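S.K.: structure for this input, please:
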Amino acid sequence: MHSATSHVNESAQNARESLSQFYRDQPLIAGSLGIAIGAALGALVPPTEIEDDMLGEKRDRSVEAAKSKAARKYSELRESDGSE
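M.R.: Here you go, the predicted model:
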């Protein structure tokens, strides 16, 4: 039993170290993944009636502006990377 627990702990430590190394080596990708995951989780939560009443139109404009800006930045990154 001790060996199995030790193996699980070692595997978890290796996973943490690999993830930390990835964040150091690829900060742009890591940040983009974080934003994408946050946006996906936020999209899963349905808006309430109060939110729609108070923020509906402004939220919609903000979301569209963010999508547009993200698309422009994505295009800029692809062009600067040289891959189309």
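S.K.: distance of the residue most central in space within the chain relative to residue 26?
M.R.: Centroid-nearest residue in the chain, with Cα atoms, centre = their mean: residue 34, separated by 2.3 Å. Distance, residue 34 to residue 26, by Cβ to Cβ, to the nearest Å: 12 Å. Where C-beta positions appear, they are placed from N, C-alpha and C, glycine not excepted.
S.K.: what does residue 43 give?
M.R.: Distance from residue 43 to residue 26, by Cβ to Cβ: 24 Å.
S.K.: of those two, who's got more company?
M.R.: residue 26 (12 against 9; other Cβ atoms under 10 Å).
S.K.: give the contact list for residue 22.
M.R.: Residue 22 makes contact with residue 30 under the criterion Cβ atoms under 8 Å, 6 or more residues apart in numbering.
S.K.: switch the cut-off to 10 Å
M.R.: 29-30, 33 (Cβ atoms under 10 Å, 6 or more residues apart in numbering).
S.K.: ok, now residue 48?
M.R.: Counting by Cβ under 10 Å, 6+ apart, the residues that residue 48 touches are 54-55.
S.K.: kindly state the pLDDT recorded for it?
M.R.: We have a pLDDT of 85 for residue 48.
S.K.: domain assignment for the chain?
M.R.: 1-45, 48-84 (automatic domain parsing).
S.K.: show me which helix or strand of this protein is least confident by mean pLDDT.
M.R.: helix 49-81 (a mean of 85; mean pLDDT, DSSP states H and E).
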